[in-house]
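**Q** Have a look at this fold, sequence not included:
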């Protein structure tokens, strides 16, 4: 014969297990709901950051008057390797003939060189931590996802703090043939 309390203990254990399962489902549901809310909040934050960055870029462009009114938001092109070359007008390793491949006079702070198959001449870009540049030049060493930013002097090109990888946004696409 079984003791009388044995049936009560089994009922109590079954009730406890049922309670734990229900509590677990409730906790798990709360956890997954919270995780989903975090994912949504993170996505909203990322979207808001992208919109803020785009708005800041467009605001900068309005002040520089480089773009036509009503232009679409910048297009994120990803990372580019950035180097620098100089505008000194005498023959040397970093440039120096006083004219860009696009036929313009190079302007420090504006001109940049790119692979025209990647970014055609006349393209207006924003380089993170560098600023707005116009693709007016190209070069033998500027291939693929690379940019060469024009600076005023050879010494500045050698010590330019922007050397390295930077995120780039396309603000206005140029013409394929550079004209």
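**A** That came through fine. Note that this is a predicted model, so its numbers are computed, not measured. Numbers count the residues shown, from 1 in each chain.

**Q** Can you tell me the closest non-neighbouring residue to residue 169?
**A** Spatially, and ignoring its direct neighbours in sequence, residue 169 is nearest to residue 74 (3.8 Å; CB to CB, 6 or more residues apart in numbering). Bear in mind the C-beta positions are built from the backbone N, C-alpha and C, glycine included.

**Q** What is the burial count for the one you found?
**A** Around residue 74 there are 23 other residues, counting by other CB atoms under 10 Å.

**Q** Ok, residue 79 next?
**A** Residues near residue 79, counting by other CB under 10 Å, number 12.

**Q** That one bridge partners, please.
**A** residue 167 (DSSP bridges).

**Q** Adjust the sequence numbering to begin at 181 for everything that follows.
**A** Okay, residue one is now 181; in that scheme the one you just asked about reads as residue 259.

**Q** Enumerate every residue touching it.
**A** 325, 345-348 (CB atoms under 8 Å, 6 or more residues apart in numbering).

**Q** hang on, the earlier thing: isn't the residue nearest to residue 349 right up against residue 352?
**A** No - assessed by CB atoms under 8 Å, residue 254 is found out of contact with residue 352, at 9.2 Å.

**Q** Below-threshold pLDDT in this protein: ranges please.
**A** 181-189, 191-192, 194-217, 219-224, 226-253, 270-277, 356-359 (pLDDT under 70).

**Q** What ranges does it have for its strands?
**A** According to DSSP state E, the chain carries its strands in the segments 255-266, 291-294, 304-307, 311-317, 326-331, 344-352.

**Q** what's the closest of the ones you listed to residue 282?
**A** strand 311-317 (4.5 Å; CB to CB).

**Q** Show me which residues of that closest one are buried.
**A** In terms of neighbour count (16 or more other CB atoms under 10 Å), strand 311-317 has its buried residues at 312-317.

**Q** of those residues, closest to residue 265?
**A** For those, the residue nearest residue 265 by CB to CB is residue 317; the value is 8.3 Å.

**Q** so who does residue 353 touch?
**A** 300, 302-303.

**Q** Domain map for this structure?
**A** The chain breaks down into these domains under automatic domain parsing: 181-245, 255-352.

**Q** circling back: please identify the deepest-packed of the strands of the chain.
**A** Highest mean neighbour count among the strands of the chain (mean count of other CB atoms under 10 Å): strand 291-294, with a mean of 27.
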